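In: Fold the following, please.
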Amino acid sequence: MSVSSRIRMQFVRSVAPAAEGAAGSGSTGAVAGSTTAGKLGSHNTGVADSGRWSTRRIAMYALFVALAMVTSFIEFPITPVTWLKYDPSGIVCLIAGFAYGPSAAVIVSVLGFVPHVFADPWGTLMAVLVALCLSVPASLIYRKARTRKGAAIGILAGAVLAIVAAIVGNLIVTPIYAHMTVSAVAAMIVPILLPFNIAKMAIHAVVTFLIYKPISNLLAKQQ
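Out: Okay, the predicted model is just below:
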């Protein structure tokens, strides 16, 4: 073998590993690029969306709104005053707020009572006000402390605000549509309005506290 042939063979041997390394790094870069693109193109949904408006989140909001609408028609008396009726829609608003945050609480509390607007606008206004005062503060507190204690404190704080809103709202709204004086409505606070609203919030609180955890576990499994 001539000297020139040997030089050429040594050159080829030295260049070949470098070319293979470059090809390998290029393929690794392509895999990394495709992995990054896959991550960017992925579509996380469910409770772990951190507030983003995914398709699943919108669907779950719609489901909770529908449940609130249905339960708002389930009415029955819980005190001797039979013209004051309880409905469990507030429980749906609370669970939506716990699961998806204050924005869900607002949406469900407002849209859940839309079917009642035309038949009873003043009553609907009162119902929306009470539902908002109950579910929004509760969901805000629970978002900061996602424990059973946080849930209990949130429900208690929301219940107190909701009772205050119900009493004040009755003093303002009831004289308008019921043709009663403010003093006549005020006379009903202690014997009628306060016991009813306390009983109502107690039912909301107990039921929500008992059923929220199983429902949240079910929602988490669906992610």
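In: pLDDT weak spots in the protein?
Out: Applying pLDDT under 70 to the chain picks out residues 1-52, 222-223.
In: all helices for it, in order.
Out: 3-41, 55-72, 89-100, 102-111, 121-144, 148-177, 182-187, 194-221 (DSSP state H).
In: okay, the angle between the second one and helix 102-111?
Out: What separates the directions of helix 55-72 and helix 102-111 is an angle of 40 degrees, with axes from the mean of the first three to the mean of the last three Cα atoms, to 10 degrees.
In: Could you pull out the buried residues of helix 55-72?
Out: The neighbour-count check on helix 55-72 (16 or more other Cβ atoms under 10 Å) flags 56-57, 60-61, 64-65, 67-69, 71-72 as buried. Using the backbone N, CA and C atoms, a C-beta is placed for each residue, glycine as well.
In: from the residues you listed, which is closest to A119?
Out: Nearest to A119 among these: S72, at 11.6 Å, using Cβ to Cβ.
In: Next, work out how far apart the closest one and P175 are.
Out: Separation of S72 from P175 (Cβ to Cβ, to the nearest Å): 24 Å.
In: P80: which of the helices of the chain is closest?
Out: Ranking these by proximity to P80 (Cβ to Cβ) places helix 194-221 first, at 9.1 Å.
In: so what does that closest one touch, helix or strand wise?
Out: strand 85-86, helix 89-100, helix 148-177 (3 or more Cβ pairs under 8 Å, 6 or more residues apart in numbering; DSSP states H and E).
In: give me that answer again for 6 Å
Out: helix 89-100, helix 148-177 (3 or more Cβ pairs under 6 Å, 6 or more residues apart in numbering; DSSP states H and E).
In: Name the residues of the last one that are buried.
Out: For helix 148-177, the buried set under the neighbour-count rule, 16+ other Cβ under 10 Å, comprises 150-155, 157-159, 161-163, 165-167, 169-171, 173-175.
In: for it, packing partners?
Out: Here helix 148-177 touches helix 121-144, helix 182-187, helix 194-221, going by 3+ Cβ pairs under 6 Å, 6+ apart.
In: Which of those helices sits closest to V106?
Out: helix 121-144 (6.2 Å).
In: hmm, back to that, would you turn the helices of the chain into a markdown table with distance to T79?
Out: Listed next are the helices of the chain as a markdown table, based on distance: least, Cβ to Cβ, whole Å:
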| stretch | distance to T79 |
| --- | --- |
| helix 3-41 | 56 |
| helix 55-72 | 19 |
| helix 89-100 | 16 |
| helix 102-111 | 23 |
| helix 121-144 | 16 |
| helix 148-177 | 14 |
| helix 182-187 | 17 |
| helix 194-221 | 5 |
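In: out of those, deepest packed?
Out: helix 89-100 (a mean of 27; mean count of other Cβ atoms under 10 Å).
In: ok, now which ones touch the spatially most central residue of the chain?
Out: Here the mean C-alpha position of the chain is nearest to the C-alpha of Y100 (Cα atoms, centre = their mean), at a distance of 2.5 Å. Not one residue lies near Y100 by Cβ atoms under 6 Å, 6 or more residues apart in numbering.
In: any idea how far it lies from T82?
Out: Counting by Cβ to Cβ - Y100 and T82 are separated by 35 Å.
In: which one of the helices of the chain lies closest to I78?
Out: Using Cβ to Cβ, the nearest of the helices of the chain to I78 is helix 194-221, at 5.2 Å.
In: The closest one to helix 148-177, inter-axis angle?
Out: Using the same axes, to 10 degrees: helix 194-221 against helix 148-177 is 130 degrees.
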